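Student: Have a look at this prediction, sequence included:
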Amino acid sequence: MSATTTTPTAGVKVAQPTMGGYLHDYWGRVRGGDIGSLPAVLGLVVLCLIFGIARDTFFSATNFANLFSQGAAVIFIAMGLVFVLLLGEIDLSAGFASGVCGATMAILLTDHGWGWLPAILAALITGLVIGFVLGFLVSKIGIPSFVVTLAAFLAFQGILLILLSGGKIVSVRDSLVLTLANDNISVWLSWVLGIVAVAGYALTQFIQQRGRAARGLVTKPIGIVLAKIIGLAVLILVPIAILTGERSINPLIISVKGVPIVVPIIGVFLIIWTFVLGRTRYGRHVYAVGGNTEAARRAGIPVDRVRISVFMICSFMAAVGGIVAASRQNSVDPNSGGSNVLLYAVGAAVIGGTSLFGGKGRPIDAVIGGAVIAVIDNGMGLMGYSAGTKFVVTGLILLVAASVDALSRRRAAATGTR
């Protein structure tokens with residue numbers, strides 16, 4: 001039994017957990033298999049310490065900023081894959097779908113003289129159309145997602161070659177598009193956005209506490225709430241302090257300061273998708289379908305529409321990833337979205353804590369898992385390891401994450417927490 005206090009609310013005494021009781025209950029959930037992103041977070045800390053000790057340059061402000069631009073495209077694609085994985089499905093075409101969408105934008109910008117806004121919108125709409133087609137084939141025709149997306153994986157490689165006339169490289173010259181992955185926001189705006197993010201999170205936490213207390217529901221101990229706010233403040237404000245320092249080798253010629261533009265973009269999508277999954281009816285439907293499809297159908301949830309929608313979200317986020325990748329590379333080519341992009345994106349979602357079995361996952365998993373992969377790729381590169389070694393290590397970590405997921409599910413089933 002966890003220690004509790006009682007708080008009268010609307011004439012009813014509600015048992016409220018103390019700090020010790022809350023931590024005891026949390027540890028009980030962890031032991032019962034509900035570990036969430038805990039292994040990925042611990043792994044990320046260990047990896048950073050290892051690479052930081054091995055190479056002093058790993059913790060430099062320049063390398064820290066590079067981590068965000070290196071992992072951004074994979075994180076965006078992984079965010080979309082979280083939705084598909086929540087239903088126990090898979091999208092093997094997300095990588096090359098991002099390449100097709102990125103090529104669409106680049107061709108419209110360079111070859112047809114479109115402005116940045118209509119070109120980006122066209123790329124995003126292309127992603128939505130791709131997702132609708134994939135979702136329709138899976139939900140309405142009944143073809144397994146593995147087969148549908150494997151076919152799309154092959155087809156999109158061909159479409160990319162057709163769009164690029166057999167192998168040409170299309171340069172991206174639009175200044176605004178190029179800033180997405182290659183520029184930084186100003187120092188003052190970096191601090192303003194960071195402080196607003198922390199203040200907004202704190203306000204949300206206190207509003208939730210007050211709302212639950214007003215309805216006579218159990219609330220978190222105030223110490224836990226404050227610890228979360230302080231923890232987030234450290235995670236946001238310390239990196240800002242590092243990134244707003246001078247990173248240029250020769251600041252007299254050019255000054256490089258501020259948070260990379262891609263970071264607040266990741267933050268905006270993270271907030272949007274976290275709200276969608278955690279605070280809307282649609283989000284509850286996604287988890288319900290992922291947990292038990294037949295039970296969800298009998299409860300009146302439009303299962304087919306949910307299936308189609310998650311594939312649309314996945315391909316939409318693949319389009320975002322393709323746009324950011326084209327911005328970072330200043331071009332698109334026949335291999336855009338290929339190579340290890342899909343494997344890294346799936347790996348990011350799974351390493352971050354999203355279950356391959358469906359029903360468990362959050363958008364933050366993509367960010368955490370993407371950070372793990374970016375740190376491995378970056379840190380091992382600084383240490384001089386070959387690409388082959390990087391792939392082996394990343395594959396092993398993915399295997400460990402999948403094993404932890406399977407074991408935690410078995411543990412949860414044995415303890416009756418699922």
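Tutor: Yep, it's here.

Student: contacts, neighbours, all on C-alpha from now
Tutor: Fine.

Student: hmm, who's touching stretch 174-191?
Tutor: 69, 109, 116, 172, 237, 240, 244, 256-262, 324-325, 327-328, 330 (Cα atoms under 8 Å, 6 or more residues apart in numbering).

Student: what's the model's confidence in stretch 355-368, averaged?
Tutor: Stretch 355-368 carries an average pLDDT of 89.

Student: first to last residue in it, what's the distance?
Tutor: Chord length of stretch 355-368, first to last residue, is 14 Å (Cα to Cα, to the nearest Å).

Student: Just the residues contacting that stretch, thanks.
Tutor: 36-37, 40-41, 75-76, 78-79, 82, 85-89, 270, 273-274, 277, 286-291, 345, 348-354, 402, 405.

Student: So which of those residues belong to helices?
Tutor: 40-41, 75-76, 78-79, 82, 85-86, 270, 273-274, 277, 286-291, 345, 348-352, 402, 405 (DSSP state H).

Student: Please pick the buried ones from those.
Tutor: Neighbour counting with 16 or more other Cα atoms under 10 Å marks 40-41, 75-76, 78-79, 82, 85-86, 270, 273-274, 277, 286-291, 345, 348-352, 402, 405 as buried within the ones in helices among the contacts of stretch 355-368.

Student: and Arg284, which of the three is it?
Tutor: helix (DSSP: H, G, I helix; E, B strand; the rest coil).

Student: wait, it sits on Thr274?
Tutor: No - applying Cα atoms under 8 Å, one finds Arg284 not in contact with Thr274, separated by 11.9 Å.

Student: for the stretch 1-150 of the chain, what are the low-confidence residue spans?
Tutor: Applying pLDDT under 70 to the stretch 1-150 of the chain flags the ranges 1-17, 30-34.

Student: what distance separates stretch 88-104 from the centre of its chain?
Tutor: In terms of Cα atoms, centre = their mean, to the nearest Å, the centre of stretch 88-104 is found 15 Å from the chain centre.

Student: So what does Pro260 have for phi and psi?
Tutor: phi -60, psi 140 (degrees, to the nearest 10).

Student: so Ala371 sits right up against Leu44, yeah?
Tutor: Yes - using Cα under 8 Å, Ala371 is in contact with Leu44, at 7.5 Å.

Student: More neighbours: the two, which one.
Tutor: More crowded of Ala371 and Leu44, by other Cα atoms under 10 Å: Ala371, with 25 against 20.

Student: What's the local residue count around Val404?
Tutor: Val404: 18 neighbours (other Cα under 10 Å).

Student: Could you check the pLDDT of it?
Tutor: 76.

Student: Roughly how far does the residue nearest in space to the middle of the chain sit from Arg281?
Tutor: Centroid check for the chain by Cα atoms, centre = their mean gives Ala366 as the closest residue, at 2.8 Å. The spacing between Ala366 and Arg281, counted by Cα to Cα, is 22 Å.

Student: Ramachandran coordinates for Leu92?
Tutor: Torsion angles, degrees, to the nearest 10, at Leu92: phi -80, psi -10.

Student: The spatially closest residue to it that is not a sequence neighbour: neighbour count?
Tutor: Leaving aside its chain neighbours, Leu92 sits nearest to Thr149 (5.1 Å; criterion: Cα to Cα, 6 or more residues apart in numbering). Look at Thr149: counted by other Cα under 10 Å, it has 22 neighbours.

Student: Was I right to think Thr149 contacts Val133?
Tutor: No - using Cα under 8 Å, Thr149 makes no contact with Val133, being 10.3 Å away.

Student: what about the helices in the stretch 201-350 of the chain?
Tutor: 222-243, 262-279, 281-291, 293-298, 303-329, 341-352 (DSSP state H, counting those that start in this stretch).

Student: Can you lay out those as JSON lines showing distance to Gly358 and mean pLDDT?
Tutor: Formatted as JSON lines, the helices of the stretch 201-350 of the chain follow (distance: least, Cα to Cα, whole Å; pLDDT from 0 to 100):
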{"stretch": "helix 222-243", "distance to Gly358": "28", "mean pLDDT": "91"}
{"stretch": "helix 262-279", "distance to Gly358": "14", "mean pLDDT": "94"}
{"stretch": "helix 281-291", "distance to Gly358": "5", "mean pLDDT": "94"}
{"stretch": "helix 293-298", "distance to Gly358": "10", "mean pLDDT": "92"}
{"stretch": "helix 303-329", "distance to Gly358": "12", "mean pLDDT": "95"}
{"stretch": "helix 341-352", "distance to Gly358": "11", "mean pLDDT": "90"}
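
Student: looking at those helices, which is buried most?
Tutor: Of all the helices of the stretch 201-350 of the chain, helix 341-352 has the most neighbours on average by mean count of other Cα atoms under 10 Å, namely a mean of 28.

Student: Off-centre distance for it?
Tutor: For helix 341-352, the distance to the chain centre is 9 Å (Cα atoms, centre = their mean).

Student: Just the CA trace of that helix, in PDB.
Tutor: This file holds the C-alpha atoms of helix 341-352, laid out as PDB (Å, rounded to 0.1, in the frame of the first residue of the first chain):
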ATOM      1  CA  VAL A 341      16.800   6.500 -43.800                       C
ATOM      2  CA  LEU A 342      13.900   4.000 -43.300                       C
ATOM      3  CA  LEU A 343      15.900   1.700 -41.100                       C
ATOM      4  CA  TYR A 344      17.000   4.600 -38.900                       C
ATOM      5  CA  ALA A 345      13.400   6.000 -38.700                       C
ATOM      6  CA  VAL A 346      11.900   2.700 -37.700                       C
ATOM      7  CA  GLY A 347      14.800   2.200 -35.300                       C
ATOM      8  CA  ALA A 348      14.200   5.600 -33.800                       C
ATOM      9  CA  ALA A 349      10.600   4.900 -33.000                       C
ATOM     10  CA  VAL A 350      11.300   1.400 -31.500                       C
ATOM     11  CA  ILE A 351      14.400   2.400 -29.600                       C
ATOM     12  CA  GLY A 352      12.500   5.300 -28.100                       C
END
